[in-house]
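Trainee: Okay, sequence plus prediction incoming.
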Protein chains: 2
Amino acid sequence: MLKRDILVGVDIGGTKTAVLVSSAPPAVLGRIEFPTRPEKGAEPAVRLIKKAVRRMLAQRRLDGAAIRTIGVSCGGPLDRIRGVIQAPPNLSTWVDIPIKAILEDEFKVECHVENDANAGAVAEHRFGAGQGCRNMVFITMGTGFGAGIITDGHLYHGTNDMAGEIGHVRLTRSGPIGYYKAGSVEGWVSGGGMAQVATRMVTAAQKREEATILTEVVRKGLPITARDVALAAQKGDALAARLIHSTGKRLGGVLAILVDILNPERIVIGGVAMRLGDTLLDPARAVIQREALATPAAACEVVPAALGESIGDVAALCVAMGL
Amino acid sequence: MLKRDILVGVDIGGTKTAVLVSSAPPAVLGRIEFPTRPEKGAEPAVRLIKKAVRRMLAQRRLDGAAIRTIGVSCGGPLDRIRGVIQAPPNLSTWVDIPIKAILEDEFKVECHVENDANAGAVAEHRFGAGQGCRNMVFITMGTGFGAGIITDGHLYHGTNDMAGEIGHVRLTRSGPIGYYKAGSVEGWVSGGGMAQVATRMVTAAQKREEATILTEVVRKGLPITARDVALAAQKGDALAARLIHSTGKRLGGVLAILVDILNPERIVIGGVAMRLGDTLLDPARAVIQREALATPAAACEVVPAALGESIGDVAALCVAMGL
């Protein structure tokens, strides 16, 4: 009797796609990564996904019959039930790609699809910084800003699988743009938002002749990234430190809203927060203590995600496990 | 064999307390209401609660042995597990009253305790405007402003039973005070907040010699209530209409946050919203369509609570049913 004990995880991002095989997540038996190249549309990447699965199975003298389930983690919007990717901002050419049907047809096994914030929430809840929590919020703080919500031990999807879109909430009437909205949480607090604010701050610093390492980036004609800011701060750059501090305070304001509404035991923050650590999180924690109700504020830990660079891999495998 | 088929519900409010017996909620077999008189402390009211239960049982030739469970619905903060009322704002003399232990000792049956926003959420979900919903938010818009959250068909309590404290979220840096915070949701949008804003608007109207019915209330030295505003608007008072419209817009801003974070199928609003209806809710709905994400906004109905004046009764019986 054949044992169908291989889980396949597929993590599709705007920059790279990773394909994994595992028989006991979070441990991985094999992994193949390639550039997603969204500018070429979905077709070449989908072909590479299929090829990567076949190759890793063949290396283990297995074929498609060894697969138990496939899980795809991808940016939203997507139709989770039908398993269709609906042109997420970082994969804008992937218009209505029926990835579930494509992979089920190819490998004759069930394929689950989940947005990456939700999949990341389950990954951190099961294997990372959220272990043992009953109520948890996972924050993705990358190019965008989103949340995956665990209530009473289970992932909460909401009515249209759109729960957790905190990045869209307005913080100020005007301000940096994120999620198509000026002054939104994503505009102020995401990695992309930090880059916008950094550019403004550097321009202002140039006018008053304040020296900052980030001027170099602007002079080269490059957009400032959250990574540039982190590196500059590590080198003692005062402007970069101020930007991280003010972003942390804005982050705290957002998290205080989540603390008052959801009263979570832990908020786990991925992306930029893993790199910046307490320089970002300490100001955020201070604002939560001031802005949120005392009891839920005292009950809520704010910690960086623990899975580091492997969070996308583990997230995709959690999707394969049916979450 | 004795049938323990009587549920006892106790709804303790700052103004009145209602005690109910029922064998099939939401239908009620008997009901006794009396003023809570919080200025006298908890003891007299607790005695009246016990007496009301005994009297209603005796009228049906029953005794305590007929009771299946008791449910107490009360303003927070409270310790739900231990069943202790912890000096809620509207019952500030009820300091650490172990209502569960008191009633269990008296009647020798299990007593459940729940805060009124959560109990109201379950009442509307099971018997009112939230029937058939999987994901619902119930808003109490009275003296305060709170929410009870239903996720995937179940009441969500949060880590310290503090989930849903949206009234504490800050909308503006300064503004009317609610929940100990200037510019909070409760400051702007509750019945109490409306009264504060009304007083300011009337003072400003007097200066520019604009006529408004509400001037009469102020002249009598009385605080303006949300009820005054509703009545004035019904009589065609322009200032009252403006206030309801602007409160509706603020309400919409708050609900848009809940739509983006929780993606509920329905938001059910009790208290002031039941009286004001669409004059309050239409501006709120318009803001949700503009401020929240399109898909969750389109999926979410905003409706007044359906249980009307009986919501507290039904809520207490839902607590007796174990929610």
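Mentor: Great, that's in hand. Note that the structure is a prediction, hence the values are computed from the model and not measured.
Trainee: what's around A:Val197, how many residues?
Mentor: By other Cβ atoms under 10 Å in any protein chain shown, the residues close to A:Val197 number 20. Backbone N, C-alpha and C define where each C-beta goes, glycine included.
Trainee: Let me know the secondary structure of it.
Mentor: Three-state call for A:Val197 (DSSP: H, G, I helix; E, B strand; the rest coil): helix.
Trainee: In space, what's closest to it - neighbours in sequence excluded?
Mentor: What sits nearest to A:Val197 in space, not counting adjacent residues and going by Cβ to Cβ, 6 or more residues apart in numbering or on different chains, is A:Pro176, at 5.7 Å.
Trainee: Check A:Ala121 too.
Mentor: Counting by Cβ to Cβ, 6+ apart, the nearest residue to A:Ala121 once its immediate chain neighbours are dropped is A:Gly148, at 2.6 Å.
Trainee: how close does the residue nearest to A:Val197 sit to chain B?
Mentor: 17 Å (Cβ to the nearest Cβ, to the nearest Å).
Trainee: what does the stretch 151-300 of chain A put close to chain B?
Mentor: A:151-152, A:154, A:156-166, A:168-170, A:253, A:256-258, A:260-265, A:291-293, A:295-296, A:299-300 (Cβ under 8 Å from any Cβ of the partner chain).
Trainee: And the strands in chain A?
Mentor: A:6-12, A:16-22, A:30-35, A:67-74, A:78-79, A:84-85, A:110-115, A:136-141, A:145-151, A:154-156, A:177-178, A:181-182, A:266-271, A:301-304 (DSSP state E).
Trainee: And the third one, how far out from the chain middle?
Mentor: In other words, strand A:30-35. 18 Å (Cα atoms, centre = their mean, to the nearest Å).
Trainee: May I see the domains of chain A written out as residue ranges?
Mentor: Using automatic domain parsing, the domains assigned to chain A come out as A:6-121+A:311-320, A:131-305.
Trainee: and the shortest one, how far from the chain's centre?
Mentor: Going by Cα atoms, centre = their mean, the spacing between the C-alpha centre of domain A:6-121+A:311-320 and its chain's C-alpha centre is 16 Å.
Trainee: Quick check: mean pLDDT of that domain?
Mentor: The average of the pLDDT scores along domain A:6-121+A:311-320 is 96.
Trainee: Can you give me the end-to-end span of it?
Mentor: Taking Cα to Cα, to the nearest Å, domain A:6-121+A:311-320 runs 10 Å from one end to the other.
Trainee: Of the domains of chain A, which is nearest B:Gln196?
Mentor: Among these, domain A:131-305 comes nearest to B:Gln196, with 20.7 Å by Cβ to Cβ.
Trainee: Pick out the residue of the stretch 201-323 of chain A closest to chain B.
Mentor: Closest approach between the stretch 201-323 of chain A and chain B, counting by Cβ to the nearest Cβ: A:Asn263, at 2.8 Å.
Trainee: How many residues are close by that residue?
Mentor: Neighbours of A:Asn263 under the rule other Cβ under 10 Å: 26.
Trainee: Check A:Gln206 too.
Mentor: 14.
Trainee: Please list all residues in contact with it.
Mentor: By Cβ atoms under 8 Å, 6 or more residues apart in numbering or on different chains, A:Gln206 lies in contact with A:Thr215.
Trainee: ditto for A:Gly277
Mentor: A:Pro304.
Trainee: ok so, going back, pull out the buried members of the residues of the stretch 151-300 of chain A next to chain B.
Mentor: A:151, A:156-166, A:168-170, A:253, A:256-258, A:260-265, A:291-293, A:295-296, A:299-300 (16 or more other Cβ atoms under 10 Å in any protein chain shown).
Trainee: Out of those residues, list just those in helices.
Mentor: Judged by DSSP state H, the subset of those located in helices is A:253, A:256-258, A:260-262, A:291, A:295-296, A:299.
Trainee: can you put these in a markdown table and add pLDDT?
Mentor: Converted to a markdown table, those look like this (pLDDT from 0 to 100):
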| residue | pLDDT |
| --- | --- |
| A:Gly253 | 97 |
| A:Ala256 | 98 |
| A:Ile257 | 98 |
| A:Leu258 | 98 |
| A:Asp260 | 97 |
| A:Ile261 | 98 |
| A:Leu262 | 98 |
| A:Glu291 | 96 |
| A:Thr295 | 94 |
| A:Pro296 | 96 |
| A:Ala299 | 97 |
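Trainee: about what we covered before: return the most buried member of the strands of chain A.
Mentor: Compared across these, strand A:136-141 shows the largest average neighbour count, a mean of 30 (mean count of other Cβ atoms under 10 Å in any protein chain shown).
Trainee: what sits up against that strand?
Mentor: So strand A:136-141 is in contact with A:116-117, A:120-121, A:124-125, A:130, A:145-150, A:164, A:166, A:189-191, A:251, A:255, A:258, A:262, A:264-273, A:305, going by Cβ under 8 Å, 6+ apart.
Trainee: One more: stretch A:73-91?
Mentor: Contacts for stretch A:73-91 (Cβ under 8 Å, 6+ apart): A:9-15, A:36, A:38, A:42, A:72, A:93-101, A:111-117, A:119-120, A:143-144, A:146, A:157, A:161-162, A:312, A:315-316, A:319, B:295.
Trainee: From the opening residue of that stretch to its closing one, how far?
Mentor: This stretch, stretch A:73-91, spans 13 Å end to end (Cα to Cα).
Trainee: Can you tell me how far the residue of the stretch 201-323 of chain A closest to chain B is from A:Pro26?
Mentor: In this view, A:Asn263 and A:Pro26 are 28 Å apart by Cβ to Cβ, to the nearest Å.
Trainee: now A:Thr151
Mentor: From A:Thr151 over to A:Pro26 the distance is 23 Å, taken as Cβ to Cβ.
Trainee: Grab the nearest non-local neighbour of the residue of the stretch 51-200 of chain A found nearest chain B.
Mentor: Here the stretch 51-200 of chain A gets closest to chain B at one residue, A:Gly158, 2.8 Å apart by Cβ to the nearest Cβ. Excluding its sequence neighbours, the residue lying closest to A:Gly158 (Cβ to Cβ, 6+ apart) is B:Asn263, at 2.8 Å.
Trainee: and stretch A:232-239, which residues are buried?
Mentor: A:232-233, A:237, A:239.
Trainee: Let me have those in TSV, extended by distance to B:Val84 and pLDDT.
Mentor: Shown next, in TSV, are those (distance: Cβ to Cβ, whole Å; pLDDT from 0 to 100):
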residue	distance to B:Val84	pLDDT
A:Ala232	52	95
A:Ala233	47	94
A:Asp237	52	96
A:Leu239	51	96
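Trainee: biggest separation within the residues you listed, which pair?
Mentor: A:Ala233 and A:Leu239 (8.9 Å).
Trainee: ok, now which ones touch the residue nearest to A:Gly158?
Mentor: Contacts of B:Asn263 by Cβ under 8 Å, 6+ apart are A:157-163, A:165, B:135, B:296, B:299-300.
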